[in-house]
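Undergrad: Sequence and predicted structure are below.
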Amino acid sequence: MNDLIIGMAGSGGDGIISAGESLIGAVAAEGYYGMLTKSYGPQIRGGESSCRLRVSTLPVLNPGGSLDVAVILDWDDFLRFGSELPVTEDTVIIFDLKSGVDRTSLPLNALWPKVLCGVPLEDMAIETAGVQQAKNSVILGLLAGWLGLSPDNLLVGLRKKFARKGDEVLAGNERAFAAGLGHARVNPLGRNLRLDRPATPLKQRIIADGNELCAKGAIAAGCTFFGGYPITPATEIMQHLQTDIWEHGGVVLQAEDEIAGVGAALGASFAGKKAMTATSGPGLSLKTEMLGLASVTELPLVCVDVQRGGPSTGMPTKCEQADLFAAVFSAHGDTVRPVLAPTTVADTYGLTVEAFNLAEQYQTPVILLSDQDIAQRKEIIDPVDPSRLSLVNRLEPTAAELQDYTRFRLTSSGISPLSHPGMKGGNYLAAGIEHDEHGAPTANGEIHGEMNHKRLVKFLPLRGRHDLFVMEGNPDSPLGIIAWGSVAGIAQEALRIVRAEGLDARLMIPKLLYPIAEEVFADFFAPLTRCIVFEQSHQGQLYRLIRMWVNVPPQFESYARSGANPLSPEDFVSQIRKLSRAGLRKEHADRADFLNPL
Amino acid sequence: MISTDATCAGTAATPKDFKSPLKPIWCPGCGDYGVLNALYRALAAIGRPPHEIAFVSGIGCSSRIPGYTTAYGFNTVHGRALPIAQGIKLANPELLVLVAGGDGDGFSIGGGHVPHAIRRNADLTYIVMDNQVYGLTKGQVSPTSPRGTRARSSVYGSMESPVNPLLYTLAYGAGFVAQGIPGDMDGLAAIIEEGIRYPGFAFINVQSPCVSFGEPDNQVKVQRTRMRKLAAEGHDPSNRLRAIELAQDYGQELYTGVFYRNPNPPPTHGSQIKALQDERKALKAGVTPTLSASDTHPTCC
């Protein structure tokens, strides 16, 4: 087989997450691609935890649907994750015999897996290492045996992990690992789980998550100032920047609150530096006024919003795509700001650079709308090459322009040269209050109209940014699919499945969500009679945003589910099949009736 | 803004160099005119050219002040001047960064930022024009209004005790705390100049009367008769405990001058960041860093 999905669940302290991390390290070393997603209960310590690892010989597009293998240390913990760890009768179930569950008492709602494998995990751990905490090392041994992974690659990770805990702990875990490996060798599973060798030649790959690559992208873009405040699931961006921004002469300021974080970043931008802030939904709400100030003073600024379940505190550790409206509309006055959404971990790097480029080019705040899934999942990816990036810097006034500097000069492009303190002759007043070309405060309606026009007309070139859209499938097909953010990878796989079945379709993945690129959408919609938008929000926010701006195909459908409800390629495939059939019923996963009376 | 950035090294600066062509919107008799003039004089004495000065404010009558100078001005949103100013200073430590606003801006909507600017020892000079009223919105109680103030939003008298800006900033550990009045132009200009020269966070409270909505017995001329100069009272500005004692009288006695100046200024936020940047750069270049623990604060004036 060339694609395998493993899910594991246990109590905090069982080392489930750490087993997942060892495993992804080992498969990366063997040349596979992979994706590791983690899920926790709300507890800071203890509680239940789980992870899913998808391993493939080809790049992994999404965490996948049903599990091929489920490793269950504790059935209650496992069942708490519900649809996050879905099993079918084809799932190989590996569980701790200690749980007391046997073939006759499976708590799986009358589902009867074909392969069920009880292992005395806890007993083996105690026997070999003296402590039950070594269960995860037993599991790694079992999986190495059954999946056909090199024990050496797993032992490398094990040794790294236990290096600081002393020789005795390491030796115990090595014995536990060996016991698992031995058990797998003498007890073959009823199903072959051995992975094919990787199709591509072994290359040096990296394991990273979206937040890490956002930080690295920012550095590559030339960001030298970050102001922010800890918030799940965006905090790691600040933490990653913290390690290497200083050597670039940069600054990370953990501010007293979200507003101060974005404020300091805006101040740094005023002072001539590339600056960023990062947050999640509640923080975006707090930063909104400052983003409006950035718009009216025409200062570059990148604001990352790693979306989580909302509104309000919502579900901080779960993924949702429901901040789109907030990102697009949460500013008073006639403001427009570009909103970008990365689709994968690797994409986060390049799109962060793009966010800085747009901010500098158009002297505007830009929102990078990441999500919890992309931000915190680990992927095995090919290394990114920063030398291929092209960087944009803000337009500065020439020496001649500084002789009679006019900060907000009305130009045909809407973009006027931007000076910064320290630049002689460039002195001006940046003000949230409406101002004339020179920056002098005004309450004149005519000037206000001209300035609004200036601040909006500069975004017109974005209407044709085809390069910020990924298109896949047959351009002449009458059937269209749209998906964005972390959901895009699920739609991509669904498209490949239906096309393999002979069903023709065309997929569009917008990375520029706002302003709506009217030309690109018009081109995409032209041959379509039917189109469906897949997204993870209750209202179907992109679906509604598109309808606000462009003419849509005769049959334009939304398939939207609230966050924390996993979406799977199988799910999308069935929706696409339905749409392809005539007389499609209006079906909405969990739509409120007042929005869509059935 | 068309500026007249005339000053440069070797040419003596004059107050006029810092005066912009914009005409203030303030009411005739407003205390803020005096603050502006004192500031022109202080900046001329400091001698930094306007393009090396960033002047940040929030929202309110007094927050219009950056536009009346030839410096780079940033008239931001209500209450957020301090974080923005810190971003500017950290991004370019060579700049002279001034912050100004009213008592509502600094101690009500923006009150949460003051302690943090102080505990970081951000190298800023923060001038609050404290008029004990919201003037721009035409007369509501402010965080420094005396208890019982009858204003448009408290027609039966306010129920809150006022914030004491002097005690507040001293308690949080500000290294420079002073108070002035626009009626004492020489004194105010001297305090502002001294605040700018202080290497670290300097707080200057100016009792700047509101001619339209303020108390009639607290206007510029009356203030001059009530003022008690701390220097004349024999106050030693290095005595923090005595400064705290004197600051208790905010609202009763009108002390002017320097309440407290830390004789041993601790490292500024910027100097610590500069040290960290140098250390990391040296490590990256494979050079053993030679760090001095002392404050590397550049003498800006």
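TA: Noted; the coordinates are in hand. Numbering: from 1, shown residues only, chains lettered A, B, ... in the order given.

Undergrad: ok, and what's touching whatever helix or strand B:Y255 lives in?
TA: B:Y255 is located in strand B:254-261, with elements delineated by DSSP states H and E. The set of residues external to strand B:254-261 that reach it, using C-beta atoms under 8 Å, 6 or more residues apart in numbering or on different chains, is B:166, B:170, B:174-181, B:184, B:187-188, B:191, B:194, B:198, B:207, B:223, B:226-231, B:233, B:235, B:237-240, B:243, B:246-247, B:249. Where you see a C-beta, it was placed from the backbone N, CA and C, and this is true even at glycine.

Undergrad: Just the buried ones among those, please.
TA: B:166, B:170, B:174-181, B:184, B:187-188, B:191, B:194, B:198, B:207, B:223, B:227, B:230, B:235, B:237, B:240, B:243, B:246-247 (16 or more other C-beta atoms under 10 Å in any protein chain shown).

Undergrad: Now, the residues you listed that are in strands?
TA: B:F176, B:V177, B:A178, B:Q179, B:G180, B:Q207, B:M227 (DSSP state E).

Undergrad: wait, the fourth one sits on B:F203?
TA: No. Using C-beta atoms under 8 Å, B:Q179 is not in contact with B:F203; the gap is 9.3 Å.

Undergrad: Wondering if the helix or strand harbouring B:Y40 reaches chain A at all.
TA: Using DSSP H and E, B:Y40 maps to helix B:31-46. No. Using C-beta under 8 Å from any C-beta of the partner chain, helix B:31-46 stays clear of chain A, coming no nearer than 13.2 Å.

Undergrad: Can you name every helix or strand that that helix contacts?
TA: In terms of contacts (3 or more C-beta pairs under 8 Å, 6 or more residues apart in numbering or on different chains; DSSP states H and E), helix B:31-46 is packed against strand B:96-102, strand B:125-130, helix B:185-197, strand B:202-207.

Undergrad: just so I know, which of these lies nearest chain A?
TA: Comparison of the helices and strands packed on helix B:31-46 against chain A by C-beta to the nearest C-beta identifies strand B:96-102 as nearest, at 8.6 Å.

Undergrad: ok, that closest one near chain A or not?
TA: No. Contact of strand B:96-102 with chain A (C-beta under 8 Å from any C-beta) is absent, the minimum separation being 8.6 Å.

Undergrad: and the angle from that strand to strand B:202-207?
TA: Here the directions of strand B:96-102 and strand B:202-207 differ by 30 degrees (axes from the mean of the first three to the mean of the last three C-alpha atoms, to 10 degrees).

Undergrad: Let me know the angle separating strand B:96-102 from strand B:125-130.
TA: Using the same axes, to 10 degrees: strand B:96-102 against strand B:125-130 is 10 degrees.

Undergrad: What residues sit buried inside stretch B:258-274?
TA: Result for stretch B:258-274 [16+ other C-beta under 10 Å]: buried residues B:258-262, B:265, B:267-274.

Undergrad: Indicate the residue of chain B located nearest to chain A.
TA: For chain B, C-beta to the nearest C-beta, closest residue to chain A: B:G87, 2.7 Å.

Undergrad: what about that residue, neighbour count?
TA: Neighbour count of B:G87, defined by other C-beta atoms under 10 Å in any protein chain shown: 31.

Undergrad: Could you find the closest non-adjacent residue to it?
TA: A:G267 (2.7 Å; C-beta to C-beta, 6 or more residues apart in numbering or on different chains).

Undergrad: Which residues are in contact with the one you found?
TA: By C-beta under 8 Å, 6+ apart, the neighbours of A:G267 are B:V56, B:F74, B:P83, B:I84, B:A85, B:Q86, B:G87, B:I88, B:K89, B:A91.

Undergrad: for the first one, what are its contacts?
TA: Spelled out, it's B:V56. A:267, B:66, B:73-74, B:76, B:81, B:84-85, B:88, B:97-100.

Undergrad: Now it: closest residue in space, sequence neighbours ignored.
TA: In space, B:V56 is closest to B:A85, 4.2 Å off (C-beta to C-beta, 6+ apart).

Undergrad: and that neighbour, what is it in contact with?
TA: A:G267, B:A54, B:V56, B:V97, B:L98, B:V99, B:A117, B:A122, B:L124.

Undergrad: following the helix or strand where the residue nearest to B:G87 lies, which helix or strand comes up?
TA: Following DSSP H and E, one finds A:G267 within helix A:258-270. Going down the chain from helix A:258-270, the next helix or strand is strand A:274-279, by DSSP H and E.

Undergrad: quick one: contacts of that following strand?
TA: For strand A:274-279, using C-beta under 8 Å, 6+ apart, the contacting residues are A:214, A:218, A:221-229, A:231, A:234, A:237-238, A:258, A:261-262, A:265-266, A:268-269, A:286-287, A:300-306, A:356, A:359-360, B:87, B:91.

Undergrad: contacting residues for the residue lying closest to B:M185 once chain neighbours are set aside?
TA: In space, not counting the residues next to it along the chain, B:M185 is nearest to B:A38; the distance is 5.6 Å by C-beta to C-beta, 6+ apart. The contact partners of B:A38, by C-beta under 8 Å, 6+ apart, come to B:G180, B:P182, B:M185, B:L188, B:A189, B:I192.

Undergrad: now A:W146
TA: By C-beta under 8 Å, 6+ apart, the neighbours of A:W146 are A:A184, A:P188, A:L189, A:L193, A:R194.

Undergrad: Need the nearest residue in space to the first one, chain neighbours excluded.
TA: The shortest distance from A:A184 to any residue that is not its chain neighbour, by C-beta to C-beta, 6+ apart, is 2.5 Å, and that residue is A:G145.

Undergrad: returning to what we had before: I'd like to know the average pLDDT value across the strand or helix carrying the residue of chain B closest to chain A.
TA: Counting by DSSP H and E, the element that carries B:G87 is helix B:81-91. Taken as a whole, helix B:81-91 has a mean pLDDT of 98.

Undergrad: and what of stretch B:185-197?
TA: Computed over stretch B:185-197, the average pLDDT equals 98.
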